[in-house]
Each structure stands twice: as C-alpha cells, then as structure tokens.
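*Asks:* quick one, fold the following:
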Amino acid sequence: MQQHDKEMFDKCVRAQMDKDSARAAMYANECAQIRKMAKVTLQCQLALEQAALRLETAREFGNIASMMAPVATVVKSVQGQITGVIPEVGFELAEIGEVLNGAVYDAGEAYGSDYTIPTSGQDAQKILSEANALAEHRMQQHFPDLPTGPAPTPEKVTEQGVQ
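*Replies:* Residues are numbered from 1 along each chain as shown. Below is the predicted model:
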C-alpha cells in the first residue's frame with residue numbers, strides 16, 4: 001500500500017506541476033482512499049495483536065473467562081471494521097469470534113463466573129483506542145502529508161539563471 005500511495009502521490013505532484021488540477025485532485029482522492037484502507041488494516045492488525053497478547057496473559061495467569069471476554073469483543077469489533085475492506089478476513093474473524101464466545105461461556109461456567117458485557121466493553125474499547133492511536137502515529141510516519149495549498153510552480157531556467 002505504501003508503494004501504491006507513493007506512486008499516486010508522485011503523480012499528484014506531477015499533475016500539480018503541470019497545472020492539471022483535475023488529475024491532481026483525482027490522484028489526491030486515490031491517495032486518501034489508499035491511506036484510509038491502510039489505516040483500517042493497520043488498526044485491525046494492532047487490535048488483533050493486542051488481543052493475542054491478552055490471550056497469552058490469560059493462558060499464563062488464569063481466570064480465562066474475565067480476560068477472554070474483552071478479546072471476544074475486540075475480535076467482533078475488528079470483524080465489523082475489516083469486513084468492508086477485506087470480506088474474507090471478516091468472515092474468518094466472525095468464526096474466531098464465535099469460538100471465543102463459546103470458550104468464554106464455557107470457561108465462565110467452569111469457573112463459576114459471569115460474562116458481563118459492560119466490563120468487557122470498556123476493556124475492548126481501551127484496546128481499540130490504543131490500537132487506533134498507534135495506527136495513526138504509524139500512518140503519519142509512513143505516508144507523506146498531502147499538499148493542501150496551491151502547487152509550487154516550476155522555476156524556469158534561462159541563460160541568465162533562475163527566474
């Protein structure tokens with residue numbers, strides 16, 4: 001995605017230099033769409049990585065029911081976001097979410113604890129917020145800012161120097 005974004009950005013800059021504002025706008029719109037898709041993909045990846053870490057912690061320290069509930073909520077939330085971008089991954093995440101919900105329910109019965117949605121919702125929201133902030137930071141590092149003002153005009157070189 002970075003390579004495709006770079007190509008579209010370069011084309012946008014060239015179109016601006018050629019004073020072809022229609023093409024520049026088209027390329028800028030394409031860059032924006034690429035960046036949106038990259039951001040959603042990165043956010044989902046980070047949220048799932050954090051969910052995997054939570055599962056490792058649950059495995060190591062027990063009390064699985066209370067720790068897996070936020071993971072199941074995160075997987076469901078990520079599944080909703082990614083389905084519009086990559087439907088195949090969304091379908092797989094739906095299946096994973098069903099397995100996790102079943103495991104949470106079974107673990108809750110085994111440990112005699114409840115599966116409470118409000119607590120897991122806050123934990124899941126915190127995980128997603130952290131993933132979104134990190135994704136935003138990484139997006140700013142990997143993609144240049146789109147120009148917002150008028151395009152710079154190329155300088156004309158003559159025998160006497162730059163005009």
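*Asks:* in this structure, which helix or strand is least confident?
*Replies:* Ranked by mean pLDDT, DSSP states H and E, the helix or strand of the chain with the weakest confidence is strand 157-158, at a mean of 46.
*Asks:* tell me if I am right that E130 is in a helix.
*Replies:* Yes: judged by DSSP: H, G, I helix; E, B strand; the rest coil, E130 forms part of a helix.
*Asks:* count the neighbours of it for me.
*Replies:* By other Cβ atoms under 10 Å, the residues close to E130 number 13. Where C-beta positions appear, they are placed from N, C-alpha and C, glycine not excepted.
*Asks:* and the nearest residue to it once chain neighbours are set aside, what element?
*Replies:* Of all residues not flanking E130 in the chain, Q50 sits nearest, at 6.9 Å (Cβ to Cβ, 6 or more residues apart in numbering). Per DSSP states H and E: Q50 is located in helix 21-61.
*Asks:* packing partners of that helix?
*Replies:* Helix 21-61 is packed against helix 2-17, helix 64-82, helix 117-142, with contacts defined by 3 or more Cβ pairs under 8 Å, 6 or more residues apart in numbering; DSSP states H and E.
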